[in-house]
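J.: Sequence isn't available, so here's the structure alone:
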């Protein structure tokens, strides 16, 4: 499975570290996010994928090397096969030491369109072949956010005059984001979203590999999310069934809340945060320390200063807020209006 494929009328994009992470999580050594070396198996999967993309020879292919620290030997042939199927093959976020390990032909280094970041050992853009013409620089995060918005809109139910009662809060919604359908029908991109979320978790909370927080899930959707994050980050998972008593555990899960242990609550969509607060109170009462909450989608229903005053760090892949809700049109209502 390839998870980071983004394609539009101009380009094809792959995040190599995300693809290597998937390989390491599900096909190989199970080291997840900590796999930073690029292997030929990942390039071979990309090469096979290109055979399924109509008109790939008319598109520029961007391979994102961000978080790739090393490359295995003998990747040149795989890259050459990939190059033969696209208009141009472009590397972005390519470290100098990784470039050295790719053992490219000398003429590739002479392409005047190659651009290295000033005072750094990283190429923002590097062309596989000296015959490649200049293409526009790609900003991967902007590309991902644009694709993510389309993805969320595809799985948002149509706006309805019939109001949906929120499952955990005393409010009504005019539409909802169907995470269950998102997981079942858009599994590949959901995995890429969770890869992005795993990176945020690692940056925010994992300082000591021997003292990782525990992921806490509350329902079927968050169980799936937690299991993927657990594979990516090599973290334990604790299951709270509908924020009630602990009733199930598997793998290396703890059977109870541990005193002073750090916990991260995992949600699918955080609307008003009711379930998160209930779960936080349960864990805190039993002696655990809740350090944050993560989700695929979070609604920013408060102003920034009030969000900060809650003193619980919230990380999400996508935030619905004032800036983008004109496109999404998410509404929360009560019987008062």
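T.: Cool, got the structure. Keep in mind that this is a model prediction, so the values were computed, not measured.
J.: Relative to the whole chain's centre, how far out is stretch 82-97?
T.: Its chain's average C-alpha position is 22 Å from that of stretch 82-97, according to Cα atoms, centre = their mean, to the nearest Å.
J.: Let's see the distance spanning that stretch from one end to the other.
T.: 22 Å (Cα to Cα, to the nearest Å).
J.: who's in contact with it?
T.: Applying Cβ atoms under 8 Å, 6 or more residues apart in numbering, the set of residues contacting stretch 82-97 from outside is 12, 43, 46-47, 50-51, 56-66, 68-70, 79, 116, 121-129, 132-133, 135, 137-138, 140. To be clear about C-beta, it is placed using only N, CA and C from the backbone, and glycine gets the same treatment.
J.: Next step: these restricted to helices.
T.: In this view, the contacts of stretch 82-97 that belong to helices under DSSP state H are 43, 46-47, 50, 79, 140.
J.: following the longest helix along the chain, which helix or strand shows up next?
T.: In the chain, taking DSSP H as the definition, the longest helix is helix 187-205. Once helix 187-205 ends, the next helix or strand along the chain (criterion: DSSP states H and E) is strand 214-217.
J.: Parallel or antiparallel, which strands does that next one pair with?
T.: Strand 214-217 has the following strand partners under DSSP bridges: strand 237-239 (parallel), strand 262-266 (parallel).
J.: Now do the helix or strand following that strand and strand 262-266, the angle between them.
T.: Later in the chain than strand 214-217, the nearest helix or strand by DSSP H and E is helix 220-233. Counting by axes from the mean of the first three to the mean of the last three Cα atoms, to 10 degrees, helix 220-233 lies at 130 degrees to strand 262-266.
J.: Against which helices or strands is the longest strand that the chain contains packed?
T.: Ranked by residue count and defined by DSSP state E, the top strand of the chain is strand 289-299. When contacts are defined as 3 or more Cβ pairs under 8 Å, 6 or more residues apart in numbering; DSSP states H and E, strand 289-299 packs onto helix 179-185, helix 187-205, strand 262-266, strand 269-270, helix 274-285, strand 313-320.
J.: at 7 Å instead, please
T.: helix 187-205, strand 262-266, strand 269-270, helix 274-285, strand 313-320 (3 or more Cβ pairs under 7 Å, 6 or more residues apart in numbering; DSSP states H and E).
J.: thinking again about what came up before, weakest of the strands paired with strand 214-217 in terms of mean pLDDT?
T.: Note on these: strand 237-239 shows the lowest mean pLDDT, a mean of 89.
J.: in that strand, what counts as buried?
T.: Buried residues in strand 237-239, defined by neighbour count with 16 or more other Cβ atoms under 10 Å: 237-239.
J.: Equivalent analysis for stretch 99-118, please.
T.: Applying 16+ other Cβ under 10 Å to stretch 99-118 flags 99, 101-102, 104, 108, 111, 114 as buried.
J.: Turn those into TSV, columns for distance to residue 3 and pLDDT.
T.: What follows is the buried residues of stretch 99-118, written out as TSV (distance: Cβ to Cβ, whole Å; pLDDT from 0 to 100):
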residue	distance to residue 3	pLDDT
99	25	95
101	24	95
102	23	93
104	27	87
108	28	84
111	30	86
114	28	90
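J.: which two from these end up farthest apart in space?
T.: 101 and 111 (18.6 Å; Cβ to Cβ).
J.: burial of the closest residue to residue 320 other than its chain neighbours, as a residue count?
T.: Spatial nearest neighbour of residue 320, excluding adjacent residues (Cβ to Cβ, 6 or more residues apart in numbering): residue 299 at 4.9 Å. Under the neighbour criterion other Cβ atoms under 10 Å, residue 299 is assigned a count of 20.
J.: Check what pLDDT residue 241 gets.
T.: 63.
J.: nope, residue 278 is what I was after
T.: 88.
J.: same deal with the one 10 residues further on?
T.: At residue 288, the predicted lDDT confidence score is 93.
J.: quick one: contacts for it?
T.: 257-258, 261, 263 (Cβ atoms under 7 Å, 6 or more residues apart in numbering).
J.: I'd like those residues as TSV, with neighbour count and distance to residue 168 appended.
T.: Formatted as TSV, the contacts of residue 288 follow (neighbours: other Cβ atoms under 10 Å; distance: Cβ to Cβ, whole Å):
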residue	neighbour count	distance to residue 168
257	20	21
258	16	26
261	18	25
263	24	19
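J.: what's the nearest residue to residue 170 if we skip its chain neighbours?
T.: Counting by Cβ to Cβ, 6+ apart, the residue nearest residue 170 is residue 334, at 7.5 Å.
J.: What count of nearby residues applies to the one you found?
T.: Around residue 334 there are 10 residues (other Cβ under 10 Å).
J.: and what of residue 157?
T.: 13.
J.: picking that back up, could you identify the most distant pair in the ones in helices among the contacts of stretch 82-97?
T.: Distance extremes for the ones in helices among the contacts of stretch 82-97: the farthest pair is 47 and 140 at 20.8 Å, using Cβ to Cβ.
J.: among the helices and strands of the protein, which one scores worst on average pLDDT?
T.: helix 304-309 (a mean of 71; mean pLDDT, DSSP states H and E).
J.: show me what contacts residue 212?
T.: 206, 235.
J.: Pass me the low-pLDDT residue ranges in the stretch 1-150 of the chain, would you?
T.: 25-30, 130-132 (pLDDT under 70).
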